[in-house]
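J.: Here is my input, please return the structure:
(chains A, B, C and D)
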Protein chains: 4
Amino acid sequence: MGILRIGHASLRVMDMAAAVQHYEKVLGMKKTMEDKHGNVYLKCWDEWDKYSLILTPSDQAGMNHVAYKVEKDSDLDEIQAKAEAWGVRTEMLPEGALPSTGRMLKFNLPSGHEMRLYAFKEYVGTDVGTVNPDPWPDDIRGAGAHWLDHCLLMCELNPETGVNKVAENTQFAIEVLDFFLTEQVMVGPGGAIQAATWLARTTTPHDIAFVGGPRAGLHHISFFLDSWHDVLKSADVMAKNKVKIDVAPTRHGITRGETIYFFDPSGNRNETFAGLGYLAQRDRPVTTWTEDKLWTGIFYHTGEAVPSFTDVYT
Amino acid sequence: MGILRIGHASLRVMDMAAAVQHYEKVLGMKKTMEDKHGNVYLKCWDEWDKYSLILTPSDQAGMNHVAYKVEKDSDLDEIQAKAEAWGVRTEMLPEGALPSTGRMLKFNLPSGHEMRLYAFKEYVGTDVGTVNPDPWPDDIRGAGAHWLDHCLLMCELNPETGVNKVAENTQFAIEVLDFFLTEQVMVGPGGAIQAATWLARTTTPHDIAFVGGPRAGLHHISFFLDSWHDVLKSADVMAKNKVKIDVAPTRHGITRGETIYFFDPSGNRNETFAGLGYLAQRDRPVTTWTEDKLWTGIFYHTGEAVPSFTDVYT
Amino acid sequence: MGILRIGHASLRVMDMAAAVQHYEKVLGMKKTMEDKHGNVYLKCWDEWDKYSLILTPSDQAGMNHVAYKVEKDSDLDEIQAKAEAWGVRTEMLPEGALPSTGRMLKFNLPSGHEMRLYAFKEYVGTDVGTVNPDPWPDDIRGAGAHWLDHCLLMCELNPETGVNKVAENTQFAIEVLDFFLTEQVMVGPGGAIQAATWLARTTTPHDIAFVGGPRAGLHHISFFLDSWHDVLKSADVMAKNKVKIDVAPTRHGITRGETIYFFDPSGNRNETFAGLGYLAQRDRPVTTWTEDKLWTGIFYHTGEAVPSFTDVYT
Amino acid sequence: MGILRIGHASLRVMDMAAAVQHYEKVLGMKKTMEDKHGNVYLKCWDEWDKYSLILTPSDQAGMNHVAYKVEKDSDLDEIQAKAEAWGVRTEMLPEGALPSTGRMLKFNLPSGHEMRLYAFKEYVGTDVGTVNPDPWPDDIRGAGAHWLDHCLLMCELNPETGVNKVAENTQFAIEVLDFFLTEQVMVGPGGAIQAATWLARTTTPHDIAFVGGPRAGLHHISFFLDSWHDVLKSADVMAKNKVKIDVAPTRHGITRGETIYFFDPSGNRNETFAGLGYLAQRDRPVTTWTEDKLWTGIFYHTGEAVPSFTDVYT
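T.: Below is the predicted model of the structure:
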């Protein structure tokens, strides 16, 4: 009941051919559809719904919206009522507003990011099928990403003006969308300012994350890999394809994730990360990172500030 | 709301000192408590509740009961009502029936196995804490198991007499306990007999499993490791400690798990396995294994029958 | 100066198409040549000489000969002189006795196995080249074996009649071919019988091995993988291709190798193993395995006897 | 015959207690000796000779000398004659010039670095012994480095004045010490300047390396790990111990090594790297890196220049 997981992200790209090449050859996704507006839809081999990524032609990078899948169609009505009661205006888009997708509840998070919820998307199956499946398909491409796992949204945070969209988003996600908080960064005097949060609906460490910055934007969309070995392979694949790597293989303190950050040809940041990390649970105490250990939380190995990692986003 | 995860298993052991040595030195658990009856309580480093394993002195091996933790105390009342309505007799044990544990809803699964549910257990914290935690503690012991992950219960299955406790347990787990089915083995004419099932409450491939056999019993309790590399280390640790290994490192087709099976000194089967496998979801189609591929499902690499693996249990 | 490494093995196969399919699709070799007699030549992607495996059509499995490459052409003359002086009859085959290969010094080891030495084979290059090479090629196939690494020859050992071809081969390999001993199994009263030996010319734990048995034969040829993760992938590839697996992933005590054994379609045993193990050096003391720990040496994890592993060979 | 491998490095440290703590707790070495001058001797668990690292108290960091072990005592005389004939002045230090070590041939490489060769060092054994050894000892500490593997020496290179100590050292190492070249970086017009070289005596990709820079110095000493997984563990250990990390986990194009660079408390650069890479052989063609791909050779994943990596050394 309620949100199951991230369903898809809709990203703006400036060179569609280069973008498709990137998500297919480097991430290992497959194009499953293209619409008459030139939007391209792709999925990972271990996903069963028709697409998890929409690329839309644009003259600048960034995210149009992020969508999460709910279990039941009636969840949309329930969440709509709760969101409106919370003070968020919503709109129910009719079936077909996106191809192969049922009706969508559309609203903006307090941070301004557009979020959509839907209960139905055309089922096409994973690449290994449901009867006596192999653990992985024969034609793994590139990094062989399993699935789109989560996104991290940059939210306006300005202690001087009292604006904290991280805290507002977090409150909304918990109260209306029934996420639970797994980790947070607390900064400022007395550690009173919630500057970043990680929240889950699955029992993995995060399905969405909010981080404070000067303006709203997309920090990254993230894809799941099985192991640290696959992280190395993923980095090797990026090198072979001249992908712009932002952060070479390392570990996050936050979520324990083994990770690489890199950019698609338009400058949208991607992540491939590996490992469950830990079993996220509603009774597991929230992990808190203090301001002095913020960079250890981000880059566990060096613990050093890399300003571009938090300053550059789309 | 409802069941969160496996909470603990209560196992009978014939030599307590040898058993504690096994679970501490090989699995890497820590003894957290001992009661006046000589029962010993242990936990893994990545668990936050006081214990996940109870060892009770006995003259034969086997499982006394398995317990699952629910989110809210009121879940116990709701599940009790549903279980009674389904036709299962229940009993509410008062707080303190087990030390450091709240009231427990006790009942037998259709297969006869005793299950308990509880909402409260004393919090003691993981070994890495909740503020700026390291990804793993300094004093990892043995295989360094993260947590008790699931159990597999052998259930009576006799097609000739029409007894199928696998199917009954599965129906009960879905209808009363709100598990969802992730994988199943279908055998017999037309593949009509549900001979084994894997079910989840978390978004990992299984939190409990039921497999058909001549009589009810415990097949194994299973502990989580992070990676295939940790599976090798785990096997090395077993070799150093002269542990009786049942199945050397291999992969399951079912759940994709990377695994080793072995026995504690009393003959209770343990598993250490690695990897998330896949993200289990209520809208992910159930994976079905057919009778001719049963052993590929069990031991993916060889695909060969190892009768002792399904015939020997406690 | 002297022997560099194993150069190739010549194996008999009963179904050439099935054999080529096996070595190409499972091991990941590439056919580089076929001669008018129907012999097929293959190499691994990380090898630079034209072939490391010759498959010859036959009505029974087994090894025709094993060849090692020497550094200089003059090494052949020097070794010939030493071998003859040691009492081994030799023959110098002219250039072209094998295609793309220089003259070969041919002789039988004391065990009766045919060995050949050569200084020249046509250079074709690795799949990554020599200028700014990637660490691995884009079109890795199957297990992606790096190179043929070593072979293990079964040698007649009969303590009752005093026949010990293991010891004789070992003495010959050290005195004439300048191998050095890295590990040995000593059995019988007082551990006086050298029942198995591992010897090196490179600084890896073995380039050849001799093990005692009722008759001479080939135990296995072995291919190098980079890591334990690649061993898992290799086993997965075998499962997908219905390869007969002899021993699922495990570790040897001897050489520390992480390994899988399996059979080609004709029944010739193959190994894929991973890891350097240790740096083999002439001043590193020989590792000795005693009779009571023989099976721990062979299968470190279980330490249990698997008679078919030493009894079945071609 | 000739050089076997790197034997030890003698490093200057400014805070002995901090240095010993670093090499013991982070690298996992063990102190085996201390002399009356306050020099501390350490070894890795997988080494059998008494020490591979000498720490000497000083007021600045850097390398005193690097020593390589030869197979036979007479090799020292032969190399001495060849070195003198080549034009390098040598000195034979008597047994006991270093404790537990035989006579040493001492000379300066053309670059000015002091090198010593010796044939004897006290044998103390690895931590797993030579009879039925486990693959690794129970008390692995920190990163659990197996052995000191190689060093990289910075050599004066000034194309304007025609000084190229990289090329001179390489020629000396090949002609006098019988190393063979595995990889090189060629820069300048026509790629005519040999700006960096990697050379081997073992069959691993390098036992010594020379890189051009403004002045002679030590770039790093390097320790061997088994796998990419151990590289992650090694980085985690560094984070726990607040080690200054220079380069987070990545892969070299050169040698294919999986690596981390970091500093000891005095500022001497260390490396832990994993994997054999490839089998180095005298008939394997030299790998050449061109100037435009230099940084791909150094940091394969990003391919980006990190000037501090080549500019900062002791």
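
J.: what is the residue nearest the centre of chain A paired to in the beta sheet?
T.: Nearest residue to the geometric centre of chain A (CA atoms, centre = their mean): residue A:151, 1.6 Å. Legend: beta-bridge partners of residue A:151 under DSSP bridges are residue A:208, residue A:221.

J.: hang on, isn't it packed against residue A:217?
T.: No - in this structure residue A:151 lies outside contact range of residue A:217 using CB atoms under 8 Å: 11.3 Å. (C-beta placed from N, C-alpha, C; glycine too.)

J.: what is in contact with these two at once?
T.: residue A:63 (CB atoms under 8 Å, 6 or more residues apart in numbering or on different chains).

J.: quick one, strands of the stretch 101-250 of chain A?
T.: For the stretch 101-250 of chain A, strands defined by DSSP state E, counting those that start in this stretch occupy the ranges A:104-108, A:114-118, A:148-158, A:163-164, A:180-187, A:193-200, A:208-213, A:217-225, A:244-251.

J.: Can you pull the phi and psi angles for residue A:29?
T.: Phi and psi for residue A:29, reported as degrees, to the nearest 10, are phi -70, psi 170.

J.: so what's the residue of chain A found nearest chain C up against?
T.: Relative to chain C, the nearest point of chain A is residue A:229 (4.0 Å; CB to the nearest CB). Contact analysis of residue A:229 by CB under 8 Å, 6+ apart lists B:227, B:228, B:229, C:227, C:229, D:228, D:229.

J.: Now distance to residue C:35 and pLDDT too, for the residues you listed, in JSON lines please.
T.: Formatted as JSON lines, the contacts of residue A:229 follow (distance: CB to CB, whole Å; pLDDT from 0 to 100):
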{"residue": "B:227", "distance to residue C:35": "46", "pLDDT": "96"}
{"residue": "B:228", "distance to residue C:35": "41", "pLDDT": "97"}
{"residue": "B:229", "distance to residue C:35": "43", "pLDDT": "97"}
{"residue": "C:227", "distance to residue C:35": "36", "pLDDT": "96"}
{"residue": "C:229", "distance to residue C:35": "37", "pLDDT": "97"}
{"residue": "D:228", "distance to residue C:35": "41", "pLDDT": "97"}
{"residue": "D:229", "distance to residue C:35": "44", "pLDDT": "97"}
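
J.: which one of the residues you listed is nearest chain A?
T.: Of the contacts of residue A:229, the one sitting nearest to chain A (CB to the nearest CB) turns out to be residue C:229, at 4.0 Å.

J.: Flag every residue of the stretch 51-200 of chain A that's near chain B.
T.: Taking CB under 8 Å from any CB of the partner chain as the criterion, the stretch 51-200 of chain A approaches chain B at residues A:69, A:71, A:123, A:125, A:130, A:131, A:132, A:133, A:134, A:135, A:146, A:147.

J.: Pretty sure the fifth one sits against residue B:288.
T.: Just to be clear, that refers to residue A:130. Yes - Residue A:130 is in contact with residue B:288 according to CB under 8 Å; the separation is 6.3 Å.

J.: Those two: which has the busier surroundings?
T.: residue B:288 (19 against 14; other CB atoms under 10 Å in any protein chain shown).

J.: Using the three-state scheme, assign that one.
T.: Secondary structure assignment for residue B:288 (DSSP: H, G, I helix; E, B strand; the rest coil): strand.

J.: follow-up on the earlier one: weakest of the strands of the stretch 101-250 of chain A by average pLDDT?
T.: Lowest mean pLDDT within these: strand A:244-251, a mean of 93.

J.: May I have the strands that pair with that strand, each with its orientation?
T.: Strand pairing (DSSP bridges) places strand A:244-251 next to strand A:258-263 (antiparallel).

J.: List the buried residues of the partner strand.
T.: A:258, A:259, A:260, A:261, A:262, A:263 (16 or more other CB atoms under 10 Å in any protein chain shown).

J.: Tell me who's in contact with the third one.
T.: When you say that, I think you mean residue A:260. A:231, A:234-235, A:238, A:245, A:247-250, A:271-273, D:301.

J.: now do the last one
T.: Neighbour list for residue A:263: A:243, A:244, A:246, A:269, A:270 [criterion: CB under 8 Å, 6+ apart].

J.: Can you tell me which of those residues are buried?
T.: A:243, A:246, A:269, A:270.

J.: now, among the residues you listed, which is nearest to residue C:194?
T.: residue A:243 (54.5 Å; CB to CB).
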